[in-house]
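Undergrad: Sequence first, then the predicted structure:
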Amino acid sequence: MTADAGLPDTLRDLPTWTPDAVELADLELILAGVYRPLTGFLGSYDTAMVIAGGRLADGTPWPVPVTLSVPEELTGHERIVLQDPEGVPLAVLRVTEAWQDPTTRDRRLAGPLEALRAPAHGPFHSLRRRPDELAPHEGDVLAESPEGGRPPTPPGNVLPESPEGGRPPTPPANVLGVATGEPLHRKQLGQLRQVAERLGAKVLVLPMLGGEHDESLVRALLAVRRELPDGTQIIPVPLPARGELKDREVLLHSHIAAAYGATHLLADHEVEGTAVPVVVPEPWAYDADVEVWRPVARIEPDHVQAELTPERLGELLDAGEPIPDWFTPPAVAAELALARPPKLSRGITVFFTGLSGSGKSTVARGLADALVERGGRTVTLLDGDVVRRMLSAGLTFSRADRDLNIRRIGFVAAEITRHGGTAICAPIAPYAATRAEVRRMVSAVGDFILVHVATPLEECERRDRKGLYAKARAGLIPEFTGISDPYEEPDDADLTLDTSRMAPDEAVGKVLDLLVEGGWVRPA
């Protein structure tokens with residue numbers, strides 16, 4: 001695919017590529033200067049050095065590999081236009097190295113980036129800022145160099161000494177950075193205020209947008225702004241989870257906070273080598289005697305009330321029960337309830353997988369009918385054969401097209417789930433990786449239940465009303481699942497059924513029992 005006609009003539013014929021969510025976030029942060037000193041995606045040597053020791057090849061500290069994966073056909077180009085999911089060109093990558101990851105075997109490209117336009121996707125984009133868009137903090141002195149330009153900031157935030165007899169420059173005001181992917185509850189608000197007061201610091205809250213419930217996170221932080229110190233800034237940062245170790249995550253947060261002018265980072269544990277000093281707050285708890293949160297050292301041991309665990313919080317939200325006011329402000333509780341509705345009204349996808357003739361379509365239809373009869377839920381049935389005619393017409397039965405068919409089903413199911421509906425899917429879905437991709441899509445917006453209809457191949461062949469198995473064994477149908485192409489049995493199924501051992505009504509009943517026990521459906 002080549003770049004769009006809205007680009008300069010010199011770029012129109014370049015190939016284009018849309019990075020994944022993590023790579024798009026990295027791209028945005030590189031272009032904004034948040035990932036300084038990085039100017040582009042890393043090559044093989046830099047990446048190996050970062051993974052091994054947390055430093056670039058030149059010795060500069062950097063905590064995580066920032067890489068770009070591409071299809072093999074793009075590895076022979078000198079320049080590539082990188083675009084967002086809507087096809088808007090964001091930057092040109094000048095390729096300095098094409099390499100293959102020795103662990104994942106992914107093809108990667110490295111090189112500096114040339115910005116074309118600022119990214120404009122994602123929620124609360126109006127709140128995002130480049131570091132160079134922020135006004136200097138009160139107390140900062142921006143001395144001019146002899147040439148009239150601003151000198152570089154000395155390492156370690158150490159100000160240069162003044163000439164003998166001269167007045168030393170005013171030290172910069174402290175700024176406490178708070179990088180969080182969770183709302184701030186009453187405990188965290190109290191700890192934050194205490195640390196900020198001790199440092200005499202302004203507060204910079206950096207919500208880490210991970211692609212799941214980003215809107216609720218930012219709204220929850222804005223809702224408690226009045227409880228934060230005056231002048232607190234809230235600047236969302238696109239940073240999906242990348243599976244790094246906790247220490248590496250803190251290191252990355254410290255680099256991001258430093259880029260935005262923070263002099264300290266609030267974290268739950270100390271880590272060596274951070275870009276700014278880490279401040280760990282003292283333990284706080286809820287004093288049941290005076291009904292306030294405060295440092296544990298100031299509370300009588302028998303007055304310490306047990307904290308609401310994440311598990312208990314999840315249980316309350318799943319059941320639609322109120323979140324106690326002593327734990328979090330009402331505005332935050334409201335956002336939590338929006339992000340995680342009660343199971344009875346939460347969107348869900350029930351995804352059946354199994355061989356052709358296993359009975360999954362029959363059970364799926366029976367489940368859809370049973371849910372409609374009970375009421376209380378909107379139900380959409382995405383059966384394999386119907387989807388093939390309506391959603392995936394024109395696709396072949398090659399592995400690539402079968403994967404695409406399942407991804408299309410997953411996309412539609414995720415949208416149904418996002419809006420509180422019930423999607424019931426019944427494709428063959430033979431490949432574990434594609435099923436896992438659908439699970440991730442749906443789980444980002446609701447709940448996902450995988451049902452493996454594990455009817456034996458011999459029984460499926462015996463039921464073969466369409467004669468497909470006979471044709472496949474005769475070589476007339478290539479790449480037929482179970483005969484000439486594998487079916488990868490799931491090891492993550494929430495329920496396994498064998499319709500050779502039970503009637504369709506019994507199989508439907510087992511799925512219904514699972515949904516009732518899980519809290520998604522009311523008992524009959």
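TA: Good, I have the coordinates.
Undergrad: Could you look up the SS state of the closest residue to residue 91 other than its chain neighbours?
TA: Excluding its sequence neighbours, the residue lying closest to residue 91 (C-beta to C-beta, 6 or more residues apart in numbering) is residue 113, at 4.6 Å. Where you see a C-beta, it was placed from the backbone N, CA and C, and this is true even at glycine. Under DSSP: H, G, I helix; E, B strand; the rest coil, residue 113 falls in the strand class.
Undergrad: so how far is residue 98 from residue 113?
TA: 16 Å (C-beta to C-beta, to the nearest Å).
Undergrad: Please apply the same query to residue 524.
TA: In terms of C-beta to C-beta, residue 524 sits 60 Å off from residue 98.
Undergrad: Of those two, which one has the most company?
TA: Neighbour count, other C-beta atoms under 10 Å: between residue 524 and residue 98, residue 98 has more, with 18 against 8.
Undergrad: Just grab the bridge partners of the more buried one for me.
TA: Residue 98 has the following beta-bridge partners by DSSP bridges: residue 109.
Undergrad: Correct me if wrong: it contacts residue 108.
TA: Yes - between residue 98 and residue 108 there is a contact under C-beta atoms under 8 Å: 7.4 Å.
Undergrad: chain center to the longest helix seen in the chain: distance?
TA: Identified as the longest helix of the chain according to DSSP state H is helix 399-418. Here the centre of helix 399-418 is set off from its chain's centre by 19 Å, with C-alpha atoms, centre = their mean, to the nearest Å.
Undergrad: what is the mean pLDDT for that helix?
TA: The predicted model gives helix 399-418 an average pLDDT of 92.
Undergrad: Residues in contact with it: which ones?
TA: Contact with helix 399-418 is made by 347-349, 351, 380, 382, 387-388, 391-392, 395, 422-423, 425, 427-431, 434-435, 437-438, 441-442, 444-448, 479, 485, as judged by C-beta atoms under 8 Å, 6 or more residues apart in numbering.
Undergrad: before we move on, what about stretch 309-322?
TA: Here stretch 309-322 has contacts from 323, 327, 333, 336-337, 340-345, 519, using C-beta under 8 Å, 6+ apart.
Undergrad: Please check those residues and keep the buried ones.
TA: With burial judged by 16 or more other C-beta atoms under 10 Å, the buried subset of the contacts of stretch 309-322 is 323, 327, 333, 336-337, 340, 343, 519.
Undergrad: Out of those residues, give me the two with the largest separation.
TA: Greatest spatial distance in the buried ones among the contacts of stretch 309-322: 327 and 519, 21.7 Å, computed using C-beta to C-beta.
Undergrad: Now do the contacts for residue 447.
TA: Going by C-beta under 8 Å, 6+ apart, residue 447 touches 343, 346-349, 417, 520.
Undergrad: farthest-separated two in those residues?
TA: Using C-beta to C-beta, those reach their maximum pairwise distance at 343 and 349, which is 13.5 Å.
Undergrad: what's near enough to touch residue 361?
TA: 352, 383-385, 426.
Undergrad: so it sits in a strand?
TA: No - Residue 361: not assigned to a strand; according to three-state DSSP it is helix.
Undergrad: where do the helices sit along the stretch 251-400 of the chain?
TA: Here the stretch 251-400 of the chain has its helices, by DSSP state H, counting those that start in this stretch, at 310-319, 330-339, 360-374, 384-390, 399-418.
Undergrad: And for residue 354, the neighbour number?
TA: Other residues near residue 354 come to 30 when the count uses other C-beta under 10 Å.
Undergrad: Disregarding flanking residues, what is the spatial nearest neighbour of it?
TA: residue 453 (3.3 Å).
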